[in-house]
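Student: just need the structure, nothing else, for what follows:
(2 chains)
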Amino acid sequence: MEKRGLNKVDLIFEKIDAKEVLTKVFKMSPEKIIQQVLDSGLKGRGGAGFPTGLKWKYTAAVKESEKYIVCNADEGEPGTFKDREILDKVAYKVYGGMVIAGKAIGAKKGIVYLRGEYRFMLPQLMIELESFHKLIKQIGFEFKINYCLGSGAYICGEESALFESVEGGRGEPRNKPPYPTTSGVFNKPTAINNVETLVTAMMIITHGPESYSHLGTKDSRGSKVFSVSGDTPTPGIFELELGMSVQEFVNEFGDGDTKAVQVGGASGFCVPRKKFGSTIIGFEGVPTGGSMKLFNSSRSMYNVLHNYLDFFAEESCGQCTPCRVGCQQLLKGVQKVKKGEVKTTYLNELIKLADTMKVASKCGLGQSVGNAFRTIVENFREEIIY
Amino acid sequence: MYHLGNLVKELSDKHGRARESLMPILQGIVERHNYLTDEAMVEVAKELDISAAEVYGTASFYTFLDTNVRGKYVIRVCKTITCSMKGKGEIIQTLEDILKITVGETTSDKQFSLIETNCIGWCHKAPAILINEMPYTELTPEKIVEIIKGYMQKK
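Tutor: Numbers count the residues shown, from 1 in each chain, chains lettered A, B, ... in the order given. Now for the predicted structure:
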């Protein structure tokens, strides 16, 4: 397996001349922009990892005069806080990424959906947006960005739930197909990308796809911003090349007593100490939207699991039965096992339920509850029982 | 005292009367009035020419669009894993002591509400809370007492 080790990178927060880059973009053809993003191998940085170039290519191919670029800044995954930092430090690059995406797919309107928890940032972001609008007007772009504010619903990070929310409804995911590329926000073709994805796209156009694709591995190209928290002496935000093992990550960020790392937040995977060396952080191993939580041996993994299940039981939108009932039953189930009210083999039944949720739930929320559930229960069974 | 009808009109003039204006209007009311009363939701429904049930349907989906009575300052304590590991319990205890309410309640003078919330994105600076939209991070019981005292003097 291809491995890269732990290397710090400075791409996302690097200062660039937006005017110069966007002037270059203005003269590029949509096909060339899409080809460069495709060549870079960039996959979506929100967690799901869909190739960005393909998303743009599909949306560009739809014949429709009104299209949208949506920036997903509804960063709600527990343990993720990198998008706030990106918007705080380099909002102009987020807007720049949206303009580039707009040129690529033929959209003139952009929407940034900012989570309600980040409302305090809005006044500053609007000031920067105003000067950005002036800049792109000078260059010749016809593109307008608006902000939409969330109101504290995790599920609105799911793309179709986000569209519903923008349209003024309950944030309940839609059936797919149709996909956003043909019918997204206001039922118009939409390219929806994570904050970091848009900035990365702008950096790919700035430096060229070749230099970007030299970073990372075959399955996980480039670098990624990680949100590091939990039992670590150095919590914070770090941009690292993809392709390192969990062990290399722990060597850098652990407190010397790390027993588990939760990669990808509550919807991600728990990696126990014995698998640190053999697990790669990336799409060939454990994918992550950036959330990295370290737990040392003083922590009860039952408490961790309970906290996550409580989170999902509250944040499930309640629309589909597998997720609505499943989340509640998993939570009640582990409580019963802990209290000794049921046999310990009941955990096997709960794992089956989590597997059912994976295939039967309508959206990514219900489908991913089983990731943390299975990996915590399988690796720390005795902590769940006793 | 603010006039409900005027506020709804003012917000509708600002954000428009299309269906997608609903969220910003509701957010605007909560910003001014802390929570949504039945009267406010009915007023919005009239202004946007949609059913009150639709307004309630949207409002009740979002935890920040409260339909329960809330104080002028809504304190949301993050309860997700990192904050929980790094002393959330102590923060709640301290807040309950100085405000003399328990989680979920509002002080009798309608100044403060204390509630728990899911991850607010400050795990690297846990424990963290929001007071209305303002985040406060790396809290200790001493720090939180100072912050609340500041808000008490504001009123």
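Student: could you check how far the residue most central in space within chain B is from chain A?
Tutor: In chain B, the C-alpha closest to the average C-alpha coordinate belongs to B:Val74, at a distance of 4.6 Å (CA atoms, centre = their mean). Separation of B:Val74 from chain A (CB to the nearest CB, to the nearest Å): 11 Å. For the C-beta atoms, the positions are set from N, CA and C on the backbone; glycine is no exception.
Student: which parts of chain B sit against chain A?
Tutor: B:18-24, B:26-27, B:57-58, B:61-65, B:79-82, B:84-85, B:117-126, B:130, B:133-135 (CB under 8 Å from any CB of the partner chain).
Student: which parts of the stretch 201-350 of chain A are strands?
Tutor: Using DSSP state E, counting those that start in this stretch, the strands of the stretch 201-350 of chain A run over A:223-230, A:236-241, A:258-263, A:269-272, A:291-296.
Student: can you redo those strands as JSON lines with mean neighbour count and distance to chain B?
Tutor: Shown next, in JSON lines, are the strands of the stretch 201-350 of chain A (neighbours: other CB atoms under 10 Å in any protein chain shown; distance: least, CB to the nearest CB, whole Å):
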{"stretch": "strand A:223-230", "mean neighbour count": "26", "distance to chain B": "4"}
{"stretch": "strand A:236-241", "mean neighbour count": "20", "distance to chain B": "5"}
{"stretch": "strand A:258-263", "mean neighbour count": "27", "distance to chain B": "8"}
{"stretch": "strand A:269-272", "mean neighbour count": "23", "distance to chain B": "12"}
{"stretch": "strand A:291-296", "mean neighbour count": "25", "distance to chain B": "7"}
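Student: can you put the ones you listed in JSON lines and add mean pLDDT?
Tutor: Shown next, in JSON lines, are these (pLDDT from 0 to 100):
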{"stretch": "strand A:223-230", "mean pLDDT": "96"}
{"stretch": "strand A:236-241", "mean pLDDT": "96"}
{"stretch": "strand A:258-263", "mean pLDDT": "98"}
{"stretch": "strand A:269-272", "mean pLDDT": "98"}
{"stretch": "strand A:291-296", "mean pLDDT": "98"}
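Student: need the three-state assignment for the residue lying closest to the residue nearest to the centre of chain B once chain neighbours are set aside.
Tutor: Of all residues not flanking B:Val74 in the chain, B:Ser113 sits nearest, at 4.8 Å (CB to CB, 6 or more residues apart in numbering or on different chains). At B:Ser113 the chain is in strand, as set by DSSP: H, G, I helix; E, B strand; the rest coil.
Student: could you check how far B:Ser113 is from B:Thr102?
Tutor: Distance check for B:Ser113 against B:Thr102: by CB to CB, to the nearest Å, it reads 11 Å.
Student: the two: who's more crowded?
Tutor: More crowded of B:Ser113 and B:Thr102, by other CB atoms under 10 Å in any protein chain shown: B:Ser113, with 24 against 10.
Student: pretty sure that one contacts B:Val77?
Tutor: No. Here B:Ser113 does not reach B:Val77: they are 11.2 Å apart, not a contact under CB atoms under 8 Å.
Student: about what we covered before: export the strands of the stretch 201-350 of chain A to JSON lines and tack on distance to A:Asn187?
Tutor: Formatted as JSON lines, those follow (distance: least, CB to CB, whole Å):
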{"stretch": "strand A:223-230", "distance to A:Asn187": "32"}
{"stretch": "strand A:236-241", "distance to A:Asn187": "36"}
{"stretch": "strand A:258-263", "distance to A:Asn187": "36"}
{"stretch": "strand A:269-272", "distance to A:Asn187": "35"}
{"stretch": "strand A:291-296", "distance to A:Asn187": "32"}
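Student: measure stretch B:104-122 end to end?
Tutor: Distance between the boundary residues of stretch B:104-122 (CA to CA, to the nearest Å) amounts to 22 Å.
Student: buried residues, that stretch. List them.
Tutor: By neighbour count on 16 or more other CB atoms under 10 Å in any protein chain shown, the buried set for stretch B:104-122 is B:105-107, B:112-122.
Student: quick one: which of the residues you listed sit in strands?
Tutor: B:112-117 (DSSP state E).
Student: circling back to that earlier point, which of the strands of the stretch 201-350 of chain A sits closest to A:Leu350?
Tutor: Of all the strands of the stretch 201-350 of chain A, it is strand A:269-272 that lies closest to A:Leu350, at 15.4 Å by CB to CB.
Student: in its sheet, what does that closest one sit against?
Tutor: strand A:258-263 (antiparallel) (DSSP bridges).
Student: give me phi/psi at the residue nearest to the centre of chain B?
Tutor: phi -100, psi 120 (degrees, to the nearest 10).
Student: that one against B:Asn34, yeah?
Tutor: Yes. At 6.7 Å, B:Val74 counts as touching B:Asn34 under the criterion of CB under 8 Å.
Student: are there residues contacting both of these two? Which ones?
Tutor: Counting by CB atoms under 8 Å, 6 or more residues apart in numbering or on different chains, the contacts common to B:Val74 and B:Asn34 are B:66, B:113.
Student: could you pull out the strands for the stretch 51-200 of chain A?
Tutor: Under DSSP E, counting those that start in this stretch, the stretch 51-200 of chain A gives strands at A:68-73, A:109-114, A:144-149, A:190-194.
Student: looking at the ones you listed, which is closest to chain B?
Tutor: strand A:144-149 (6.0 Å; CB to the nearest CB).
Student: what is the orientation angle of that closest one with strand A:68-73?
Tutor: Strand A:144-149 runs at 40 degrees relative to strand A:68-73, counting by axes from the mean of the first three to the mean of the last three CA atoms, to 10 degrees.
Student: strand partners of strand A:144-149, parallel vs antiparallel please.
Tutor: When DSSP bridges is applied, strand A:144-149 pairs with strand A:109-114 (parallel).
Student: how distant is the partner strand from the center of its chain?
Tutor: Centroid separation between strand A:109-114 and its chain, computed with CA atoms, centre = their mean, to the nearest Å, is 16 Å.
Student: got the domain ranges for chain B?
Tutor: Domain assignment for chain B by automatic domain parsing gives B:4-59, B:73-154.
Student: check contacts around B:Thr67.
Tutor: B:35-36, B:41, B:56, B:59-60.
Student: and A:Ala61, how close does it get to A:Ile34?
Tutor: Applying CB to CB to A:Ala61 and A:Ile34 gives a distance of 10 Å.
Student: look at those two and report which has more neighbours.
Tutor: A:Ile34 (25 against 13).
Student: my guess is the more buried one meets A:Thr59, correct?
Tutor: No. Using CB under 8 Å, A:Ile34 is not in contact with A:Thr59; the gap is 9.7 Å.
Student: so what's A:Phe373 up against?
Tutor: A:Phe373 makes contact with A:305, A:308-309, A:330, A:350-351, A:354, according to CB under 8 Å, 6+ apart.
Student: nearest to A:Tyr68, of these?
Tutor: Among those, and counting by CB to CB, the member closest to A:Tyr68 is A:Tyr308, at 33.0 Å.
Student: in stretch B:65-75, what counts as buried?
Tutor: B:65-67, B:70-75.
Student: helices of chain B, residue ranges please.
Tutor: With helices called from DSSP state H, chain B shows them at B:4-15, B:22-33, B:38-48, B:52-59, B:81-85, B:88-99, B:141-154.
Student: sorry, that was for the stretch 151-300 of chain A
Tutor: A:159-166, A:195-207, A:209-213, A:246-253 (DSSP state H, counting those that start in this stretch).
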